[in-house]
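Predicted structure and sequence below. I'll ask about it afterward.
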Amino acid sequence: MNRKRILVLGIVLAALCLLIYLQVRAWKTFDWAMFWNRTEHVNWLYIFYGLALTYIAYMLRAVRWRIFLKPVRQTTTARLMAPQFVGFAALAMLGRAGEMVRPYIIAKKERLTFTSQVAVWGVERIFDMGSFAVMLAISFLSPDLRALRFYRQLREFSILLIVLILALIVFIVIVRRSGDRVAEFLHGRLAGFAPRLAHHVREKVLSFSHGLETIQDLSSALQLVGVSLFMWVLIAYAYYAVTHAYPGELQALTLPHEIVLMGSSMAGSMLQLPAVGGGSQLATISMLSSGFGIEHELAVSCGMMLWAVTFMSVIPTGLAIARHEHVSIRAVAEAEEKAAALAE
């Protein structure tokens, strides 16, 4: 692990410790007996529904990646299924250090360059952000969110997110059509005072431009949009299944509430530690308790269950597939880190 990664990990750890301290200080009367009582009365059939929907979403990621690869490599969804599960297991166990394991495995398996698959990963993230933004915007058509005390801030955030997505779409179109010119333009602006940065930016823009070549026609674009939206709707219903597995006040949460809860988890995931997460659970628990007014003990139990079902549940399957295919997640992560360093 290099110094940069150690520094980032230290900052994340400090931030998580601060968040945990503030949360515990705010909850001076946390009742552990009530926490276990709430957890014991979970409807495990609903938890199974949440797991099933989560796993289907992972499978749809393989379908989407196959569509991305269609112009450069004819492959099957089945071939891309294993890298999805192994890659997300690596992300759950190693934190952000495992983020690039998925594109690295796909690049090796399909005999493509690592940088091209990193570009595909970048485009994939934009489709994910766009799908969530669309779902959040549609949620505002429901009156369920208007009762929230932070409704105004949530609406402003959704507008900013949509503007960001539109800006990214414009950027994608420009880079897709004129990637070489954009790369040279940015290189020329930066070369005078930061030549290494200029070279790095040019190479990244060029690789990203090549990754955008995977979207060859309108049919592929529509397929990608459809698969992405369907996948994120399934994830929202997985959240719905888990929250409704608990008796009582969580039963009042509707699908628009689940989309907001899902967004808070996504935002919190930017602060996480390998294997233990942190930011995602805290953000989810905070939204449940402070945002939706759920009692602390129930919020903690449900937040941890959501984290286990929608994020950590991939680990057993990912490890089993990695073992079957004779893949060492740690070795792949180290090889990916070296490949990323060479790409820079």
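Nice, thanks for sending it over. Residues are numbered from 1 along each chain as shown.

Tell me which stretches of the chain form helices.
In chain order, the chain shows helices spanning 3-26, 32-40, 44-69, 77-94, 101-110, 114-139, 151-190, 195-212, 218-243, 255-268, 279-286, 296-307, 314-324, 329-343, with DSSP state H as the criterion.

wait, which of those helices is closest to residue 249?
Counting by C-beta to C-beta, residue 249 lies closest to helix 296-307 out of the helices of the chain; the figure is 7.0 Å. Yep, even glycine has a C-beta here, placed from its N, CA and C like the rest.

can you give me the angle that closest one makes with helix 44-69?
Calculated by axes from the mean of the first three to the mean of the last three C-alpha atoms, to 10 degrees, helix 296-307 forms an angle of 40 degrees with helix 44-69.

Convert the C-alpha atoms of helix 296-307 to CSV, please.
Once non-C-alpha atoms are left out, helix 296-307 reads as follows in CSV (Å, rounded to 0.1, in the frame of the first residue of the first chain):
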residue,chain,number,x,y,z
HIS,A,296,-32.9,4.9,17.2
GLU,A,297,-32.8,1.2,18.0
LEU,A,298,-34.9,0.3,15.0
ALA,A,299,-32.9,2.6,12.7
VAL,A,300,-29.6,1.0,13.8
SER,A,301,-31.0,-2.5,13.3
CYS,A,302,-32.5,-1.7,9.9
GLY,A,303,-29.5,0.3,8.7
MET,A,304,-27.1,-2.6,9.5
MET,A,305,-29.5,-5.1,7.8
LEU,A,306,-29.6,-2.9,4.7
TRP,A,307,-25.8,-2.8,4.6
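
next one: that helix to chain centre, how far?
20 Å (C-alpha atoms, centre = their mean, to the nearest Å).

when you give positions from now on, start the count at 13
That works, and once the first residue is 13, the last one we named lands at helix 308-319.

That one to helix 230-255, inter-axis angle?
Put simply, helix 308-319 runs at 140 degrees to helix 230-255, going by the same axes, to 10 degrees.

which secondary structure elements does helix 308-319 contact?
helix 44-52, helix 230-255, helix 267-280, helix 291-298 (3 or more C-beta pairs under 8 Å, 6 or more residues apart in numbering; DSSP states H and E).

Swap in 10 Å and give it another go.
Applying 3 or more C-beta pairs under 10 Å, 6 or more residues apart in numbering; DSSP states H and E, one finds that helix 308-319 contacts helix 15-38, helix 44-52, helix 56-81, helix 230-255, helix 267-280, strand 289-290, helix 291-298.

remind me which residues of the stretch 13-162 of the chain are low pLDDT?
For the stretch 13-162 of the chain, residues meeting the criterion pLDDT under 70 lie at 13-48.

Tabulate the helices of the chain (a markdown table), appending mean neighbour count and distance to residue 261.
Formatted as a markdown table, the entries for those read as follows, by neighbours: other C-beta atoms under 10 Å; distance: least, C-beta to C-beta, whole Å:
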| stretch | mean neighbour count | distance to residue 261 |
| --- | --- | --- |
| helix 15-38 | 12 | 19 |
| helix 44-52 | 13 | 10 |
| helix 56-81 | 19 | 16 |
| helix 89-106 | 22 | 29 |
| helix 113-122 | 23 | 38 |
| helix 126-151 | 20 | 20 |
| helix 163-202 | 14 | 19 |
| helix 207-224 | 18 | 45 |
| helix 230-255 | 19 | 10 |
| helix 267-280 | 21 | 12 |
| helix 291-298 | 23 | 15 |
| helix 308-319 | 23 | 7 |
| helix 326-336 | 17 | 29 |
| helix 341-355 | 16 | 39 |
